[in-house]
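Q: what follows is a predicted structure for the sequence shown.
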Amino acid sequence: MSSSGFASQNGAGGSYANGPSQNPVGVYPSNQGFMAPPQSGYMNNLPTKGPPPTGPSLYSGGRHQPSPAGTPGALPASPNHMSGLSGPPQGSATPPPANSYYQHPHQPGWSGVTPPPPMGNNASPVPPAMYRTTSTPPVFQNPMQPPAPSVNNAAMTAPPALNVMAPHQTYGPPPSVRPPPPPAAVRGTPPPPVPPTAAVPPPPLATHSDGVYAAHPGQMRGPMGSSYPSLQPVYQSVPGMQTAPQMPPPAQMQTQPQLYPQPSPGAAQLSPSLASLSLQSQTPEALRVVNLLQERSLLPPGAVTPPTPCLPQDLQKLNSSPEVFRCTLTSIPQTQTLLNKAKLPLGLLLHPFKDLSQLPVVTSSNIVRCRSCRTYINPFVTFVDARRWKCNLCHRVNDVPEEFMYNPVSRSYGAPHKRPEVQNATIEFIAPSEYMLRPPQPAVYLYILDVSHNAVETGYLDVVCQSLLDNLESIPGDARTKIGFITFDSTIHFYNLQEGLSQPQMLIVSDIDDVFLPTPDSLLVNLNECKELVQDLLSSLPQMFSKTMETQSALGPALQAAFKLLSATGGRMSVFQTQLPTVGIGALKPREEPSQKAAAKDIQHLSPATDFYKKLALDCSGQHVAVDLFLLSAQYSDLSSLGCISRYSAGSVYFYPSYHKQHNPSQTERLQKDLKRYLTRKIGFEAVMRIRCTKGMSIHTFHGNFFVRSTDLLSLANVNPDAGFAVQMSIDENLLDLQMVSFQAALLYTSSKGERRIRVHTLCLPVVNSLSDIFAGADVQAITALLASMAVDRSVTASLSDARDALINAAIDSLASYRTSVLSVQQPGLLAPACLRMFPLYVLALLKHKAFRTSASTRLDERVFAMCQLKYQPLAYLMMMVHPGLYRVDDLTDEGALNINDRTIPQPRVFQLSVEKLSRDAAFLMDCGTVMYLWIGRNCSPVFLTQVLGVESYAAVPLNMIHLPELDTAESARLRAFVDWLRERRPFHSILHIIRDESPLKPEFMQNMIEDLSESALSYYEFLLHLQQQISK
């Protein structure tokens, strides 16, 4: 059994960590995988990230010695964000917890080893605004937003107009005279009358964690969505709930609406019996006992659905969508001890900037927030009476601002609980001027292109330039949008695109040791004003370097020049690289040795060879510059080093192995499709995201591409709709007095149109006190995704074998806990609750995933890219790559089909990933996320071959076929509709390979047969026997 725990940084040691602290986990006892008890949590307003305390480690075996690191300077403060100030402490004041799967808030995690180094670039962060000497921060008016009107309550005029924007629907101003007060509540004590002259003084300006805020709750914005759904009032009382010893199932709860009763089922007022509600009495489907050794058909016919939290029905329908915000456990344990006993990880998975078909957008001069913890008002707060509401995170009672009494949807007065903010768990605000310290930045795009001989030989330059030409009109932005270009080989080439020139001018800087900008004012130009020059440059670039024989690559100096160019405004760098950087700062040497590809213990190649790219990324992050890397290479390019430039600047990594325009047409097609999405998707600039949770819980590790500016604040120079994040959580204080807990993610960003917006997601979950309830609410896919991110960290900081052992032990520990603590009657076999029946299968899929398998055929760059994907992809897309879908497609019918936009989409059932499920007289489609394989059996029906593939026989199927022909047959239409439907559900392009037994890609297809024996792991049945043996010890 390997030993070391997961370290919290998103990288490989060094002084810059992509997490709130350097929190390696200690050594677990045998069979405890990722389930070590956590160390104590930390205060949300910790200004620095110190090392955790020393203490006994929690993994069995050896110990992991973290690498020492320096303590660089502070990250510059965001001009649109005042960093470091947060609400009152929500955890204990002890250092951050270790990055283990399951940790105890009062047990130290290091013993006899050097504590982890302090957090790198955040060692001396900008001091919290509350401690600054200036009394009031400067406030700049947003040119897109007029100043908020003052409220004259004494004159009894209506509150300032609040606009809720939705497509095809506008709301007029409120009436000029306040309507009569609402009638008294049906039940409970009516609220005391409010004198009509009681003025609500305007809040003083204050700096805050998500930016500069008014002392009243703050504001945020986002894209416009459709109108608000008709929702029932949120705040209702449940008869008899305060005294009933047991509570009926949520679906049977009868609620009685009232206007302002005594505190209704908010986070702190739900019946205490919910916490003691045991699902065992009903034996729900989630807890049905499954003997995994006997029940082999575990896959559902369609997609795996997330569990539904055990909440009252009126609250559940208001909860955040699991596509955006979900928790590994939909029932939160009352104590950390109970969580440790369950041996399941507690964490959140977020897709915060996801493209949404319906998103309420609100414009208001006063965004309502808790005065104490700064939580945004949401559907899970409690209205004490008509004028006061209770925060669901810190439980403080706040006043309801006068303008919040007006409902812009119904154009009525006196029903704040019906406002859009209290009816939608996901909402976006257009922020007023208090949320910015400078005017919002314009959309700025800079393209850095490798033009060495190797790059020109691949032909990628033609594809990139043509894609830019095709999509120039669709790039997000407004009249202020700027664009620029830099090319490089052994020298750096700038392009003067200033208005008035007859053609672009190339300016060459050959001194790569001291890069400077030759004409700083004309290298980034207004896209609308200089569009013709930009088009001329893109048309001529591929030919300009077609004869080049320059083989060197000065990537580092080119990035330094690009940073100088963008640092004044912020923006996005798009870097295209085709080889290992060879000259100038940041030059790298080949580290991959073919004979050592499968050496699981040789992990140094998973770590960066230099910290240049990480340091530059942190400099970029401080100036709101994100770097997206497109790596198109047939040779080793050290992605573990180059990837840092994107990981720590909140960028993205795209990898196209063996790219060549002629020799590898499938990769060319993928690049074209990916570029179209990349260039035209929405983008948020100078963003920050803060995640808050109910008092008593804390966040201790983040996963994704970002920089952690303070303990719960992520700096995102750019945010895109395809990025996912994960956080690990711990329970610092017992939640005995709570029946529900809430989590809130707030994303503050500047849109491409120059608007400052805030998108808020709120998730509410019940608190339970029994292990059976915890297991019943386990979300197996969310658990798998969180474990995958933790395993990537373990691979980099310890070893690949440690990560693999910890994944196996995660399955052993959780099933052992279920067997010993939940099952009342012991039975033979490997038993699991129905909700976790696929957990061993998913763990085995991770062991065989390209990131963790020990196959000698896995190239180092491909392994590192797979690890990047596990840390970055949202859950839905990640699971496609972990456990592919296998469908039989030679007999598609319209039975059970979906009808979408007048298209009929067949829905074939999912097959197990085993060769025994294949049939020589059939055809199967395997969907692996970024790639699809259509496998044709040797005896496949001639009808399918002719009607779908357009060939006469099996032998006539081309070996390199990558497209389905558009034939005028029902069979062809069905399969193409199904493939197109699968592709439309993801933001990246999936290559389709049509293969037969003789195809060179068949080994890749067979490697995805997870349930079969492979060189890197056992077969599924053998793996189950291994788990049973370990549990029975």
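A: Looks like it arrived, so ask away.

Q: residues near residue 576, how many?
A: By the criterion of other CB atoms under 10 Å, residue 576 has 22 neighbours. Any C-beta I mention is one placed from the backbone N, CA and C, and that applies to glycine too.

Q: now it. Its backbone dihedrals?
A: Its backbone dihedrals place residue 576 at phi -110, psi 120, with angles given as degrees, to the nearest 10.

Q: now do the same contact list for it.
A: Residues in contact with residue 576 (CB atoms under 8 Å, 6 or more residues apart in numbering) are 447, 448, 449, 450, 455, 460, 464, 630, 632.

Q: of the residues you listed, closest to residue 677?
A: Within these, distances to residue 677 taken as CB to CB reach their minimum at residue 630, with 12.8 Å.

Q: strands - which of the contacts of residue 576 land there?
A: 447, 448, 449, 450, 630, 632 (DSSP state E).

Q: could you dump those residues to JSON lines with distance to residue 653?
A: Output for those, formatted as JSON lines (distance: CB to CB, whole Å):
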{"residue": "447", "distance to residue 653": "16"}
{"residue": "448", "distance to residue 653": "15"}
{"residue": "449", "distance to residue 653": "17"}
{"residue": "450", "distance to residue 653": "15"}
{"residue": "630", "distance to residue 653": "8"}
{"residue": "632", "distance to residue 653": "12"}
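
Q: out of these, flag the one nearest to residue 771.
A: Distances from residue 771 to the ones in strands among the contacts of residue 576, taken as CB to CB, are shortest for residue 630 (47.6 Å).

Q: surely the closest one and residue 659 touch.
A: No. Look at residue 630 against residue 659 with CB atoms under 8 Å: they stay out of range, at 9.5 Å.

Q: compare those two (neighbour count), which wins?
A: residue 630 (25 against 22).

Q: got a pLDDT number for residue 258?
A: In this model, residue 258 is scored at 36, pLDDT.

Q: would you say residue 904 is within a strand?
A: Yes. Under DSSP: H, G, I helix; E, B strand; the rest coil, residue 904 falls within a strand.

Q: check contacts around it.
A: By CB under 8 Å, 6+ apart, the neighbours of residue 904 are 894, 897, 898, 974, 977.

Q: switch to 6 Å and redo it
A: Residue 904 sits next to 894, 897 when contact means CB atoms under 6 Å, 6 or more residues apart in numbering.

Q: do the same with residue 962
A: Residue 962 neighbours (CB under 6 Å, 6+ apart): 666, 992.

Q: low pLDDT regions in the chain?
A: 1-282, 594-604 (pLDDT under 70).

Q: in it, which helix is the longest?
A: If you go by DSSP state H, the chain has its longest helix at helix 800-821.

Q: okay, and the beta partners of residue 576?
A: Counting by DSSP bridges, residue 576 is bridged to residue 449, residue 630.

Q: for it, give its distance to residue 465.
A: In this view, residue 576 and residue 465 are 10 Å apart by CB to CB, to the nearest Å.

Q: closest to the centroid, which residue in this structure?
A: residue 724 (1.5 Å; CA atoms, centre = their mean).

Q: for that one, grab phi and psi.
A: According to degrees, to the nearest 10, residue 724 has phi -120, psi 160.

Q: again with residue 414
A: phi 100, psi 10.

Q: what about it, how many neighbours?
A: 17.
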